[in-house]
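>>> Here is my input; please provide its structure:
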Amino acid sequence: MNAILLVLRTGMQWNALDATGVCSCASAYRRFREWTDAGVFLEFWRQGLLAYDKKHGIEWEWLAMDGALGKAPLGGELTGPNPTDRAKAAWWRIDRPQSH
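Numbers count the residues shown, from 1 in each chain. Okay, the predicted model is just below:
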């Protein structure tokens, strides 16, 4: 559990766990998948939410959820299929006169 929480808290890659000595990345990821499928983390979240509501109260009528998906403003054919694609010319260098 410590290894899983370390990954979730820091955002580190699963493979980086091997260097920490906490446990192997394969074991941690396998347990994470098993416990996620079993609803363990959802239940942790639910119990924490209920405990907070009991202690402090949650004003449910003021809660809202929103989200949006859209294209990147500078996206397009010139940016390549992903951020690591360096095969295409950068958009800011195309058709610009050279300054001397």
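>>> Apart from its neighbours in sequence, what residue is nearest residue 16?
residue 25 (7.4 Å; Cβ to Cβ, 6 or more residues apart in numbering). C-beta: built from backbone N, CA, C; applies to glycine.
>>> what sits against the one you found?
14-18 (Cβ atoms under 8 Å, 6 or more residues apart in numbering).
>>> Neighbour-wise, which one of those residues leads?
Tallying neighbours with other Cβ atoms under 10 Å puts residue 17 at the head of those, with 21 neighbours.
>>> Redo the contacts of residue 25 as TSV? Include secondary structure.
Shown next, in TSV, are the contacts of residue 25 (DSSP: H, G, I helix; E, B strand; the rest coil):
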residue	secondary structure
14	helix
15	helix
16	helix
17	helix
18	helix
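>>> Please identify which of these is nearest to residue 65.
residue 14 (28.4 Å; Cβ to Cβ).
>>> quick revisit: nearest to residue 1 among the contacts of residue 25?
For the contacts of residue 25, the nearest to residue 1 is residue 17 (12.6 Å; Cβ to Cβ).
>>> From what I see, the closest one and residue 23 are in contact.
Yes - the pair residue 17 and residue 23 qualifies as a contact (Cβ atoms under 8 Å) at a distance of 6.5 Å.
>>> pLDDT score assigned to the spatially most central residue of the chain?
The chain has residue 11 as the residue nearest its centroid, 6.9 Å off, counting by Cα atoms, centre = their mean. At residue 11, the model reports a pLDDT of 92.
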